[in-house]
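Enquirer: what follows is a protein structure lacking sequence information:
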């Protein structure tokens, strides 16, 4: 059974940094595409970033240059390093396995973690 | 691509049919493989989303067969054939035709 457990959320001031972690069990993170999706309070879902099995990453425009997705294969863990945080980054951040189409950034999410909450506020 | 769902919310009696619509601002039908790049998710209160449907009409393993997806091109429908109490949730459509993949705003389903 695939399980994803996020951690690292918290309260941070605007302009600050935070690193989210996603511990993966049941599958090898390096063999899968993995992604982060966020949900602002009371709002819908927003796709943030994806890492390919070969290590290539893609970020949506709103986080480009500020968020970096990486993984530690030895720990089977995914990371989302967030810097220059803005109030509008406040959200629950979900880690998910990404079922990619034809080795591309296109796909859907078949397994989700429970999420970790990031609050950006002064 | 902008995904627009309708209605924003609906209340259905237990055992009755619930229908949720999703419209994309451009076609998500890929002509080379005749597949619609569309998924549906269910999110219950306080829980993460759960994949229900992908390729517009393929049910994820373990999803009850009262859930079905249909449509092609720009217009899609998620149907719950006989609403159960445990189906109360917000439902989202998502395209994966191009980057960025985007979601609809969600449709809240309640029991009447």
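Expert: Perfect, I can see it now. Note that this is a predicted model, so its numbers are computed, not measured.
Enquirer: pLDDT value on the residue nearest to the spatial centre of chain A, please?
Expert: Nearest residue to the geometric centre of chain A (CA atoms, centre = their mean): residue A:36, 2.7 Å. Note for residue A:36: predicted pLDDT of 98.
Enquirer: repeat that for residue A:41.
Expert: At residue A:41, pLDDT is 96.
Enquirer: so, in contact with chain B or not, the lengthiest strand in chain A?
Expert: Longest among the strand segments of chain A by residue count, using DSSP state E, is strand A:91-100. Yes. Using CB under 8 Å from any CB of the partner chain, strand A:91-100 reaches chain B at A:94, A:96, A:99. From N, CA and C alone the C-beta is placed, and that goes for glycine too.
Enquirer: tell me the one of these nearest chain B?
Expert: Taking CB to the nearest CB as the measure, chain B sits nearest to residue A:94 out of the residues of strand A:91-100 next to chain B, at 5.5 Å.
Enquirer: list the buried ones in stretch A:30-41?
Expert: Residues of stretch A:30-41 classed as buried: A:30, A:32, A:33, A:34, A:35, A:36, A:37, A:38, A:39 (neighbour count, 16 or more other CB atoms under 10 Å in any protein chain shown).
Enquirer: what's the answer for stretch A:98-113, then?
Expert: Within stretch A:98-113, the residues that qualify as buried are A:98-101, A:105-113, counting by 16+ other CB under 10 Å.
Enquirer: try stretch A:1-13
Expert: For stretch A:1-13, a neighbour-count test (16+ other CB under 10 Å) marks A:4, A:6, A:8, A:9, A:12 as buried.
Enquirer: let me have those residues in JSON lines, extended by secondary structure and pLDDT.
Expert: Formatted as JSON lines, these follow (DSSP: H, G, I helix; E, B strand; the rest coil; pLDDT from 0 to 100):
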{"residue": "A:4", "secondary structure": "strand", "pLDDT": "98"}
{"residue": "A:6", "secondary structure": "strand", "pLDDT": "98"}
{"residue": "A:8", "secondary structure": "coil", "pLDDT": "98"}
{"residue": "A:9", "secondary structure": "coil", "pLDDT": "98"}
{"residue": "A:12", "secondary structure": "strand", "pLDDT": "98"}
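Enquirer: so which of those is the closest to residue A:88?
Expert: Nearest to residue A:88, judged by CB to CB, of the buried residues of stretch A:1-13 is residue A:12 at 13.2 Å.
Enquirer: residue A:14 reaches residue A:90, doesn't it?
Expert: No. Using CB atoms under 8 Å, residue A:14 makes no contact with residue A:90, being 10.1 Å away.
Enquirer: chain B next: which of the buried residues of stretch A:30-41 are close?
Expert: Residues of these in contact with chain B (CB under 8 Å from any CB): residue A:37.
Enquirer: report the two of the buried residues of stretch A:30-41 separated the most.
Expert: Maximum pairwise distance in the buried residues of stretch A:30-41, criterion CB to CB, is 26.8 Å, between A:30 and A:39.
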